[in-house]
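[1] test case, fold it:
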Amino acid sequence: VQLVESGGGLVQAGGSLRLSCAASGFTLDYYGIGWFRQAPGKEREGVSCISSDGYTYYADSVKGRFSISRDNAKNTLYLQMNTLKPEDTAVYYCAADPSGIVTIRARYWGQGTQVTVSS
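    Predicted coordinates:
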């Protein structure tokens with residue numbers, strides 16, 4: 001099982017980025033999968049997740065600005081991030097779990113991609 005994130009970078013406040021997480025070694029739609037982030041000096045937190053039955057979750061801090069989606073044909077998870085704020089600056093991680101629900105204790109993790117939002 002492998003998860004590879006891409007799409008991070010430096011963006012000005014108010015801008016947008018789209019993160020991708022390419023999955024291999026398993027079928028994406030049978031797993032719980034989602035995005036987490038960790039800012040310097042802070043604990044890792046959940047950003048947005050999709051359960052295997054399609055239920056979506058968004059942290060309050062990103063509701064209305066971020067959108068999670070998955071392309072089963074490409075076995076890829078996405079996170080569209082709009083109206084970015086400096087407080088969104090963090091390393092973003094993709095995670096997956098065969099239980100169908102992904103949490104901070106997810107079994108599989110990507111290596112992370114840095115998102116930096118300048119003010």
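[2] which helix or strand contains the residue nearest to the spatial centre of the chain?
    In the chain, the centroid-proximal residue (C-alpha atoms, centre = their mean) is residue 35; its distance is 2.4 Å. In this assignment (DSSP states H and E), residue 35 forms part of strand 32-38.
[3] all strands of the chain, in order?
    Per DSSP state E, the chain carries strands over the ranges 2-6, 9-12, 17-24, 32-38, 45-50, 56-58, 66-71, 76-81, 90-97, 108-109, 113-118.
[4] format those as CSV; extra columns: mean pLDDT.
    What follows is the strands of the chain, written out as CSV (pLDDT from 0 to 100):
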stretch, mean pLDDT
strand 2-6, 97
strand 9-12, 98
strand 17-24, 97
strand 32-38, 98
strand 45-50, 97
strand 56-58, 97
strand 66-71, 96
strand 76-81, 98
strand 90-97, 98
strand 108-109, 97
strand 113-118, 98
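[5] report the contact partners of residue 28.
    Each residue near residue 28 by C-beta atoms under 8 Å, 6 or more residues apart in numbering is listed here: 70, 72, 75-77, 96. Glycine gets a C-beta too; all of them are placed from N, C-alpha and C.
[6] drop anything exposed from those residues.
    70, 75-77, 96 (16 or more other C-beta atoms under 10 Å).
[7] tell me the one of these nearest residue 14?
    Distance to residue 14 across the buried ones among the contacts of residue 28 (C-beta to C-beta) is lowest for residue 77, with 24.5 Å.
[8] I'd say that closest one and residue 18 touch.
    No. Using C-beta atoms under 8 Å, residue 77 is not in contact with residue 18, being 11.1 Å away.
[9] contacting residues around the nearest residue to residue 74 once chain neighbours are set aside?
    Spatial nearest neighbour of residue 74, chain neighbours left out: residue 22 (7.7 Å); criterion: C-beta to C-beta, 6 or more residues apart in numbering. With contacts defined as C-beta under 8 Å, 6+ apart, residue 22 is in contact with 3-4, 6, 74-76.
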